[in-house]
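Q: Using only what follows, build the 3D model:
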Amino acid sequence: MHLPFTEAEFLGLFTQFNRAFWPVLLVLWLASAAAAVSLARGRASARAIFLLLAAHWLWAGLAFHAWYFTRINP
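A: So this is what the prediction gives:
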């Protein structure tokens, strides 16, 4: 299978994305850690966990795939 991008382009894309959006990514990581602690203590609601998961998927779909990945794989 032939991909329309090189490995260096693919990995470089992650570098660009992480540098551009590190504050947002940090917030998502902290929210996930807080949710995991709440879940472990039995205080997290299923709805809150599902909303956080939806936010992660939405962010990955829009920010990475729509705005960045299309640069190397239209």
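
Q: Could you use CA atoms for every contact and neighbour count after this?
A: OK.

Q: Check the secondary structure at the most centrally placed residue in the chain for me.
A: Centroid-nearest residue in the chain, with C-alpha atoms, centre = their mean: Ala60, separated by 4.2 Å. State at Ala60, reduced to three classes by DSSP: H, G, I helix; E, B strand; the rest coil: helix.

Q: Tell me how far it lies from Phe69.
A: With distances taken as C-alpha to C-alpha, to the nearest Å, Ala60 is found 10 Å from Phe69.

Q: Grab the longest helix from this protein for me.
A: Under DSSP state H, the helix in the chain containing the largest number of residues is helix 7-40.

Q: Can you give me the buried ones in that helix?
A: Buried positions in helix 7-40, judged by neighbour count with 16 or more other C-alpha atoms under 10 Å: 13, 17, 25, 28, 32, 35.

Q: So which of those is the closest to Phe5?
A: Leu13 (10.7 Å; C-alpha to C-alpha).

Q: How about exporting whichever strand or helix holds Ala48 as PDB, limited to the C-alpha atoms?
A: Using DSSP states H and E, Ala48 falls within helix 46-59. Output of helix 46-59 as PDB, limited to C-alpha atoms (Å, rounded to 0.1, in the frame of the first residue of the first chain):
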ATOM      1  CA  ALA A  46     -21.700   8.300  33.600                       C
ATOM      2  CA  ARG A  47     -23.000  11.400  31.800                       C
ATOM      3  CA  ALA A  48     -19.900  13.400  32.700                       C
ATOM      4  CA  ILE A  49     -17.600  10.700  31.500                       C
ATOM      5  CA  PHE A  50     -19.400  10.400  28.200                       C
ATOM      6  CA  LEU A  51     -19.400  14.100  27.700                       C
ATOM      7  CA  LEU A  52     -15.600  14.200  28.300                       C
ATOM      8  CA  LEU A  53     -15.100  11.300  25.900                       C
ATOM      9  CA  ALA A  54     -17.300  13.100  23.300                       C
ATOM     10  CA  ALA A  55     -15.100  16.200  23.800                       C
ATOM     11  CA  HIS A  56     -12.000  14.200  23.100                       C
ATOM     12  CA  TRP A  57     -13.400  12.600  20.000                       C
ATOM     13  CA  LEU A  58     -14.700  15.900  18.700                       C
ATOM     14  CA  TRP A  59     -11.400  17.600  19.300                       C
END
